[in-house]
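A.B. asks: okay, predicted coordinates and the sequence, questions at the end:
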Amino acid sequence: MSSHIPQTGVSSLHIKFLIRLLLVVVLMLLAGRSNGQDASTGALRGILFDPSGGQIAGATVVVVNSATGLRYSVTSDAEGRFALELLQPGDYIARAEAPGMSPQMSPPLHVEVGGVAELQFRLTVAGAKESVTVSGAPPLVDTQPSAISAVIDERAISDLPLNGRRFTDLALLAPGVTQDPRGLTSTSNGDLAFGGIRGYQSSYLVDGGDNNNSFFGQARGRYRAPYQFSNEVVQEFRVSSNTYGAELGRAGGAVVNVVTKSGSNHWHGTSFYFLRDSMLNAQHANLNGTPDDRQQQFGFTFGGPIKRNKIFFFGGLDQHIFHVPTAVRFLNGSTVLVPQKGAEPLHHGDYEDSDKALVFAAADQLSAMAGNFRSKLLGNSGFFKLDDSLTPRHFLSVRLSTSRYYIFRSRQSYHEFRDQ
């Protein structure tokens, strides 16, 4: 009897584990059929009319992703309305068909992250010769009409100049966004404040997943590292600063919702090189030369299909070499502090005879702290993403991102500055 007790206990544990695993699988399948919208997707909704203005029920609307060829299909309800949720942000083409009606196609339309594209089809009665008509351009609306939000699209991320190319700095283009002076430094824009609320009260999402540092209450990497994701791998992002939906998570300030790029049916890639050199800089007012500083940033991206219309990959590498010395000077521009004796009888100056030795000793210590200090930062960020369309209702995305930075500081002599 005793020899069978452990076997019974193990068997019960296995059964409980299998039941829990089955529940998880069922929940995942049900989640794929829900009509909700997560943080990293958009939606396409609309209505169909016949020539007399009546709604068309039972019509079929097929939507195709222009880049990946993925197809989504839906049937209009009794009021002629249809909705396709959980669409990956990107460009789409829609086609509407109904019995006895001529098919109609929409022009290319873009589904934004956290946004909804509204379509309106007006089908005509099919004649002896069927023709396909193209509808007008659809209007775009936000998921939450009452929300205060702005989308920074791929063109802005690619074309607008950024010192250091930290893409989140483009959030300053959105209304109500400012630099948080408490995190502002000479080499970084620091945290971003939304509506006057401190920067660490904001939340950052990447592809729908939480990307916050739980210890500091800021985005991973904070502002101490130049960036975590290269501009080249970011497709677009939305800044929502008020009345955003619960799917975006918690934040006292704003939510920055980022979507990264994916592969497509076409092989594609980019390469880039950016240079910022002190040869092109003006001389600082408090220096008698120009510090010999240089920033270089270069890298590449590459993506394409593993299996057309089903499995895709996208990857990128970004390298940052940053040489910017720090010059420590006194107010008069000198690296040596020479105390001045007070003039009689008012004793205006740095010292009197009674404290001369103490003042000169302090001045020597301060002079030892002045000078020029070499600052060097070497960093890189890597990115790889794999997308698989399991079924028309189930989409699998796996992303791996890495970033690493090395910072060196040392004393240097003034002759290493480039004089002008």
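C.D. replies: Thanks, I have it. It should be emphasised that the depicted structure is a prediction, and the values quoted were computed from it without experimental measurement. Numbers count the residues shown, from 1 in each chain.

A.B. asks: and the longest strand along the chain, how far out from the chain's middle?
C.D. replies: When the chain is parsed with DSSP state E, its longest strand is strand 371-391. Strand 371-391 sits 13 Å away from the centroid of its parent chain (Cα atoms, centre = their mean, to the nearest Å).

A.B. asks: helices and strands around it, which ones?
C.D. replies: Applying 3 or more Cβ pairs under 8 Å, 6 or more residues apart in numbering; DSSP states H and E, we find strand 371-391 packed against strand 311-323, strand 326-328, strand 394-412. In this view, the C-beta of every residue, glycine as well, is placed from N, C-alpha and C.

A.B. asks: okay, now the sheet partners of it, with direction.
C.D. replies: Using DSSP bridges, strand 371-391 pairs in its sheet with strand 311-323 (antiparallel), strand 326-328 (antiparallel), strand 394-412 (antiparallel).

A.B. asks: quick check: mean pLDDT of that strand?
C.D. replies: If you average the pLDDT over strand 371-391, you get 87.

A.B. asks: quick one: buried residues of it?
C.D. replies: 371-372, 374-375, 377, 379-387, 389 (16 or more other Cβ atoms under 10 Å).

A.B. asks: repeat that for stretch 160-178.
C.D. replies: Under the neighbour-count criterion of 16+ other Cβ under 10 Å, stretch 160-178 has 164-171, 174, 176-177 buried.

A.B. asks: repeat that for stretch 256-273.
C.D. replies: Judged by neighbour count using 16+ other Cβ under 10 Å, the buried positions of stretch 256-273 are 256-265.

A.B. asks: among those residues, which lie within strands?
C.D. replies: Per DSSP E, these map to strands at 256-260.

A.B. asks: okay, the helices and strands packed on strand 371-391, which one's buried deepest?
C.D. replies: strand 311-323 (a mean of 20; mean count of other Cβ atoms under 10 Å).

A.B. asks: dump the C-alpha coordinates for that one into PDB.
C.D. replies: Only the C-alpha atoms of strand 311-323 are listed here, as PDB (Å, rounded to 0.1, in the frame of the first residue of the first chain):
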ATOM      1  CA  ILE A 311       7.000  34.100 -41.900                       C
ATOM      2  CA  PHE A 312       9.200  37.200 -41.900                       C
ATOM      3  CA  PHE A 313      12.400  38.500 -40.200                       C
ATOM      4  CA  PHE A 314      13.900  41.900 -39.600                       C
ATOM      5  CA  GLY A 315      17.200  42.800 -37.900                       C
ATOM      6  CA  GLY A 316      19.500  45.700 -37.400                       C
ATOM      7  CA  LEU A 317      22.700  46.900 -35.800                       C
ATOM      8  CA  ASP A 318      23.600  50.400 -34.600                       C
ATOM      9  CA  GLN A 319      27.000  51.500 -33.500                       C
ATOM     10  CA  HIS A 320      27.700  54.800 -31.600                       C
ATOM     11  CA  ILE A 321      31.200  56.200 -31.100                       C
ATOM     12  CA  PHE A 322      31.200  59.400 -28.900                       C
ATOM     13  CA  HIS A 323      34.300  61.500 -28.100                       C
END
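
A.B. asks: out of the helices and strands packed on strand 371-391, which is closest to Gln340?
C.D. replies: Nearest to Gln340, of all those, is strand 326-328, at 20.8 Å by Cβ to Cβ.
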